[in-house]
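Student: Give the three-dimensional model of this entry:
(chains A and B, ligands or ions: 2)
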Amino acid sequence: MDKNKIIELKGISKAFNGEQVLKSVDLDIHDKEFVTFLGPSGCGKTTTLRIIGGFVTPDSGEVLFNGKKVNHVPPYKRPVNTVFQKYALFPHLNVYENVAFGLRLKKMKETEIAAKVAEMLDLVNLRGYEKRSVTLLSGGQQQRVAIARALCNEPKVLLLDEPLGALDLQLRKEMQIELKKIQQRLEITFIYVTHDQEEALTMSDTVVVMNGGEIQQIGTPQDIYNEPINAFVAKFIGESNILPGIMHEDYKVEFAGDNFVCVDKGFRPLEPVDVVIRPEDITICPPSDTVINGLVESVIFKGVHYEIMVRAYSDLWKIHSTKAPEVGSVVGIDFTPEDIHIMRKMENSEDYAALDHLNGEEAGTID
Amino acid sequence: MTKLRSRLAAGPYMAWMIIFMIVPLLLIAVFAFTTTAPFDRDGNRLEEEEAALIMEEELAEWEENEVPLEERESAVVEKTVFTVQNILEVNKYMPTMLNSIWMALVATVICLVIAYPLAFMISRMHFVSQKMMLMLVMLPMWMNFLLRTYAWMTLLERNGLINRFFGLFGMGPFEMINTQGAVILGMIYNYLPFMILPLYSVMTKIDNTTIEAAQDLGASRLSVMLRVVVPLSVPGITSGITAVFIPSVSTGIISRMLGGGTNMLIGDLIDLQFLGNAYNPNLGSAISLVLMVFILLCMSITNAFDEDKEGGMLL
Ligand SMILES: Nc1ncnc2c1ncn2[C@@H]1O[C@H](COP(=O)(O)OP(=O)(O)OP(=O)(O)O)[C@@H](O)[C@H]1O
Ligand SMILES: [Mg+2]
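Tutor: Ligands and ions are numbered 1, 2, ... in the order given. Have a look, this model is predicted:
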């Protein structure tokens, strides 16, 4: 993957009104890559994107395009185009003119413009809508116009800021697939912002998980899901049980009042850690001495599976299972050493605050 | 039911409109197309000289016989008659009319040139600064119109502040008051806010991301203005032009105070017919009517232009 870096961010920091929004962000983006910025609201995703687009100048750090510093290059001179969060179509122009906007600025010939616009409208399935007023289009159609308009300039990099945020679930799914197809067909780089983890996992080559102005983890969707680097990432990507534990020695961890064998190593002796276990990795078995036993507090039907909350001592476990135990019964909680993910404690207490926020009112498993 | 109620609710407004707008308009029209003429007691129209002669004789007779005032009954009576003479007479004042239109046009264009960038700047400011700038724009409007214009008189006078300032450097004094320029300045000063406010109100509706989108697609600052901001602010431009042009073209006070009577405007002319020594309400009404028709024409032209552009706009 380490071939042609197209964009590099080096130590980017940015503060608005004294509030540090980005804290030394380092990131490489490669040619033809689908990169997603994923993180909770206000974590600095849009700001990072705007720095790449040239709408915000970083306080410190460098933005490199193909190895050249572009910190002060204005947006209209950058080889990137943006699909804005709220489409930002030109209300005084019809669909055709919106898409042709960039081409007209380049003083292209009318016939070339017509051909290019037709090609782009084909790409986004909007042929026949040329003369329509953009204000009368549905949200999904406006979104397509915005995409066609941005792609018309043949950018090397397309920036998309929560482009599907305003669409309903059905349309979102369809557009996700279409966008991915467009990206593969045009073979350009997409930098995509979302706070929907499922969207990030399904579409991306690389996911950049952000929180509080810092990058938490960069990796493939599989990496991020299977090997979350800390409790924040684990919680943000999919659902997790996160328990405080202590690493006694390599492959040996204590949590939930017991010692367990695990597959992780390389921690200081007696280092406090976060233990993450995915709800779908847990199996429910009859209570016995060899497993954690707990009381079933609630069972909620979720379609594919049941979400079962089990209290064992002070911990509340979330378990996904296709079979539903009875509420009030005692069950055993079973998992294998591979299911135990050990993570270093996050240095930043703010990150835990963000975590609690993610959990909402749901009983936290972190103290 | 609701229809009836809404109609009832509209009642007071309708009454207001009829009393204060329709009736005066009709009165003006009536005045414009009528004049008073002398008639004898049998209802026959008399020539002006004829009537004058009769009245003179009558008077002499009354004086001689010492007829008491209340018993004097003239053989000549004044009656109101229809005429197009007033309207035709307006033609005589065409140069004044054209001069007014020209000066109002100049003032309107200058207002637009000053107000457009200013309104755009204000619309891009931080919310709090926007409110403050708007206050500053409107502040002069809270002062009495005459007072404001009077202030300019003292500034522009031969030994007014400005000339005294230039005098410090051995320049001047310049002839500033009682010129066309002074009148236009007065119009601009008084009516500039009417240009800024409608422009500002359409420009605040232009989202920053719309401008960013244009930049993103390769538009320089100039292109952003020409291709996005100007087309989107056409409704503000047209209503600003109307709001400045109409009071400018019909103003009388500004030209009297700053033009010193050398630059008679159509407003002064109308004023003279009603309050001045040229007392002739019929002619005054006729001039007003012609001016009104002219303004209506201008407005319908700008409105047509507006609607053209507004096809794709739902701001
Ligand atoms: N122009 C600005 N002026 C002041 N503060 C800003 C500005 N732009 C962003 N911020 C602040 O920076 C922080 C990060 O904003 P950003 O828009 O990057 O978040 P985000 O990750 O895109 O969030 P969301 O998912 O809600 O869009 C927020 O606290 C926001 O209030
Ligand atoms: Mg955002």
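Student: residues from chain A in reach of ligand 1?
Tutor: Residues of chain A lying near ligand 1 by CB under 6 Å from any ligand atom: A:16-17, A:21, A:39, A:41-47, A:195. For every residue, glycine as well, the C-beta is placed using N, CA and C.
Student: any idea how far A:Thr57 lies from ligand 1?
Tutor: Distance, A:Thr57 to ligand 1, by CB to the nearest ligand atom, to the nearest Å: 12 Å.
Student: Nearest residue to that residue in space, please, no chain neighbours.
Tutor: Excluding its sequence neighbours, the residue lying closest to A:Thr57 (CB to CB, 6 or more residues apart in numbering or on different chains) is A:Asn71, at 6.3 Å.
Student: By neighbour count, which of the residues of chain A next to ligand 1 wins?
Tutor: Counting by other CB atoms under 10 Å in any protein chain shown, A:Gly39 has the largest number of neighbours within these, with 28 neighbours.
Student: Please identify the helix or strand for the residue nearest to that residue when sequence neighbours are not counted.
Tutor: Nearest non-adjacent residue to A:Gly39, counting by CB to CB, 6+ apart: A:Met210, 3.6 Å away. Taking DSSP states H and E as the criterion, A:Met210 maps to strand A:206-211.
Student: Parallel or antiparallel, list what pairs with that strand.
Tutor: Taking DSSP bridges as the criterion, strand A:206-211 pairs within the sheet with strand A:34-38 (parallel), strand A:214-219 (antiparallel).
Student: Read off the pLDDT value for residue 310.
Tutor: In the absence of a named chain, chain A is used. At A:Val310, the model reports a pLDDT of 94.
Student: actually chain B
Tutor: 47.
Student: picking up where we left off before, find the pair from the residues of chain A next to ligand 1 with maximum spatial separation.
Tutor: A:Asn17 and A:His195 (22.9 Å; CB to CB).
Student: Can you give me the buried ones in stretch B:61-76?
Tutor: Residues B:62, B:76 are the ones in stretch B:61-76 that count as buried (16 or more other CB atoms under 10 Å in any protein chain shown).
Student: And the contacts of it?
Tutor: Residues outside stretch B:61-76 that contact it (CB atoms under 8 Å, 6 or more residues apart in numbering or on different chains): B:38-41, B:46, B:51, B:54-55, B:58.
Student: The same query, at a cut-off of 7 Å, please.
Tutor: Stretch B:61-76 is contacted from outside by B:38, B:40-41, B:46, B:51, B:54-55, B:58, using CB atoms under 7 Å, 6 or more residues apart in numbering or on different chains.
Student: Closest one to B:Ser6 out of those, please.
Tutor: Set against B:Ser6, the nearest of the contacts of stretch B:61-76 by CB to CB is B:Pro38 (52.4 Å).
Student: Check the secondary structure at the closest residue in space to that closest one that isn't next to it in sequence for me.
Tutor: In space, and not counting its chain neighbours, B:Pro38 is closest to B:Ala51: 3.6 Å by CB to CB, 6+ apart. Taking DSSP: H, G, I helix; E, B strand; the rest coil as the rule, one finds B:Ala51 in the helix state.
Student: element containing B:Leu289?
Tutor: Here B:Leu289, judged by DSSP H and E, is contained in helix B:281-310.
Student: correction: B:Ala119
Tutor: Going by DSSP H and E, B:Ala119 is part of helix B:94-123.
Student: Could you identify the helix or strand that succeeds that helix?
Tutor: Following helix B:94-123 in sequence, per DSSP H and E, is helix B:127-138.
Student: mind listing what's buried in that next one?
Tutor: Neighbour-count burial for helix B:127-138 [16+ other CB under 10 Å]: B:130, B:133-134, B:137.
Student: Which single one of the residues you listed is nearest to chain A?
Tutor: For those, the minimum distance to chain A (CB to the nearest CB) is 17.6 Å, reached by B:Gln130.
Student: Could you count how many residues lie near the residue nearest to the closest one when sequence neighbours are not counted?
Tutor: Leaving aside its sequence neighbours, B:Gln130 sits nearest to B:Ile122 (CB to CB, 6+ apart; 5.7 Å). When neighbours are defined as other CB under 10 Å, B:Ile122 has 22 of them.
Student: Poorly predicted segments of the chain, please.
Tutor: Going with chain A. Within chain A, the set of residues satisfying pLDDT under 70 comprises A:1-3, A:347-367.
Student: You answered for a different chain; I wanted chain B.
Tutor: Counting by pLDDT under 70, chain B contains low-confidence ranges at B:1-2, B:307-315.
Student: domains for it, by residue range?
Tutor: Residue ranges for the domains of chain B, per automatic domain parsing: B:2-85, B:90-305.
Student: Quick check: end-to-end length of the longest one?
Tutor: Domain B:90-305 has an end-to-end distance of 30 Å (criterion: CA to CA, to the nearest Å).
Student: Quick one: neighbours of A:Thr202, just the number.
Tutor: A:Thr202 has 14 neighbouring residues, counting by other CB under 10 Å.
Student: what's the answer for B:Met264, then?
Tutor: Count around B:Met264 with other CB under 10 Å applied: 19.
Student: circling back: next, the angle helix B:94-123 makes with the helix holding B:Leu289.
Tutor: Going by axes from the mean of the first three to the mean of the last three CA atoms, to 10 degrees, helix B:281-310 is angled at 40 degrees with respect to helix B:94-123.
Student: who does helix B:281-310 touch, helix- and strand-wise?
Tutor: Packed against helix B:281-310 by the contact rule (3 or more CB pairs under 7 Å, 6 or more residues apart in numbering or on different chains; DSSP states H and E) you find helix B:23-32, helix B:85-90, helix B:234-250, helix B:266-275.
Student: What segments of chain A are helices?
Tutor: A:45-53, A:95-105, A:110-123, A:139-151, A:169-186, A:197-203, A:221-226, A:231-236, A:349-359 (DSSP state H).
Student: Let me know the outermost residue of chain B.
Tutor: Centroid-distance maximum for chain B: B:Asn65 at 54.1 Å, with CA atoms, centre = their mean.
Student: Quick check: phi and psi at that one.
Tutor: With angles defined as degrees, to the nearest 10, B:Asn65 sits at phi -80, psi 0.
Student: picking that back up, from the residues of chain A next to ligand 1, pick the one nearest A:Glu254.
Tutor: Relative to A:Glu254, the closest of the residues of chain A next to ligand 1 is A:Gly39; by CB to CB it sits at 31.5 Å.
Student: which residues does the residue nearest to B:Gln130 contact?
Tutor: Counting by CB under 7 Å, 6+ apart, B:Ile122 makes contact with B:130, B:133-134, B:200.
Student: cool, A:Val291 as well?
Tutor: So A:Val291 contacts A:285, A:332-334 (CB under 7 Å, 6+ apart).
Student: most neighbours, which of the residues you listed?
Tutor: Counting neighbours by other CB under 10 Å, A:Ile333 leads the contacts of A:Val291 with 22 neighbours.
Student: Tell me who's in contact with that one.
Tutor: Contacts for A:Ile333 (CB under 7 Å, 6+ apart) come out as A:282, A:284, A:291-292, A:294, A:310, A:312, A:317, A:319.
Student: ok, those vs A:Thr135, which is closest?
Tutor: Distances from A:Thr135 to the contacts of A:Ile333, taken by CB to CB, are shortest for A:Ile319, at 49.2 Å.
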